[in-house]
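> quick one, fold the following:
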Amino acid sequence: MARSSNRLARIKMRRLLQSKRGKLVFVLSIVLMIFLITSVVNRIANTHTVWHFDCYADSYFSHQGESSLKVDKSNLWLSLDIDHHQAKLIYKIESSVHGTEIAQLVGKVDHVDMGSFTYHLRLTLQPTLWQTSSRLKPYLHNEFGIMASQKIVGVSIAQQVQVIDLDNALTSTTLKFLPSNNVWSCQLRSPDTAH
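Model prediction:
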């Protein structure tokens, strides 16, 4: 009995799909599915327009420059704020011997690639008072692929930040910075506590 009712249902479905009304229902169903998928993607994109990350250097930390880096990863920290189309990136290195160095870059979000969840940033390093034996300046030259002989302050820097892991509670994430490929573990702050 069940077999014959299944066969009858398939025949009715086939006839419906072959009719004009059935084809219209099928096309409208496809359009509705595309609309729903697009709405979900837009909703995700719109909820990710304000981010506040506090990060520390994670497992993979590359050296791509010409000079050796004298940076202890455990003393290096960064903060990344993305507020719609504005971006601010602050690097900080602390040491009991050398004191604290801070460098701030500000700029804009050029675009977001939602497929790979990558923010394409255009940043400019703000004027900074470097220490005589700065450890942060060589690190930044390495991070942005700028030769040590080149000026870094005021130069427009292209930086890509890829969200490679994000927990369900939206409290922690892993960021990958390109082109350096450095990986950072980050805590997400709510917009209310970011400042």
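
> alpha carbons only: can I get stretch 147-158 in PDB?
The C-alpha trace of stretch 147-158 is given here as PDB (Å, rounded to 0.1, in the frame of the first residue of the first chain):
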ATOM      1  CA  MET A 147      62.700  47.300   3.400                       C
ATOM      2  CA  ALA A 148      64.500  48.700   6.500                       C
ATOM      3  CA  SER A 149      66.000  51.500   4.400                       C
ATOM      4  CA  GLN A 150      62.500  52.700   3.300                       C
ATOM      5  CA  LYS A 151      60.400  55.300   5.200                       C
ATOM      6  CA  ILE A 152      57.500  53.700   7.000                       C
ATOM      7  CA  VAL A 153      55.700  56.600   8.600                       C
ATOM      8  CA  GLY A 154      53.100  58.200   6.300                       C
ATOM      9  CA  VAL A 155      53.300  55.400   3.700                       C
ATOM     10  CA  SER A 156      50.000  53.900   2.600                       C
ATOM     11  CA  ILE A 157      50.100  50.200   3.600                       C
ATOM     12  CA  ALA A 158      47.800  47.500   2.200                       C
END
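
> name the residues of that stretch that come out as buried.
Buried residues in stretch 147-158, counting neighbours by 16 or more other CB atoms under 10 Å, are found at 152, 157. Every C-beta, even on glycine, is put in place using the N, C-alpha and C of the backbone.

> ranges for the helices of this structure?
Counting by DSSP state H, the chain has helices at residues 2-18, 20-47, 136-143.

> just tell me which of the ones you listed ends up closest to Val109.
helix 20-47 (11.7 Å; CB to CB).

> pLDDT weak spots in this structure?
Applying pLDDT under 70 to the chain flags the ranges 1-3, 39-49, 58-74, 96, 98, 148-150, 191-195.

> dump the helices of the chain to CSV, plus distance to Ile82 and mean neighbour count.
As requested, these are arranged in CSV below (distance: least, CB to CB, whole Å; neighbours: other CB atoms under 10 Å):
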stretch, distance to Ile82, mean neighbour count
helix 2-18, 47, 10
helix 20-47, 12, 10
helix 136-143, 18, 21
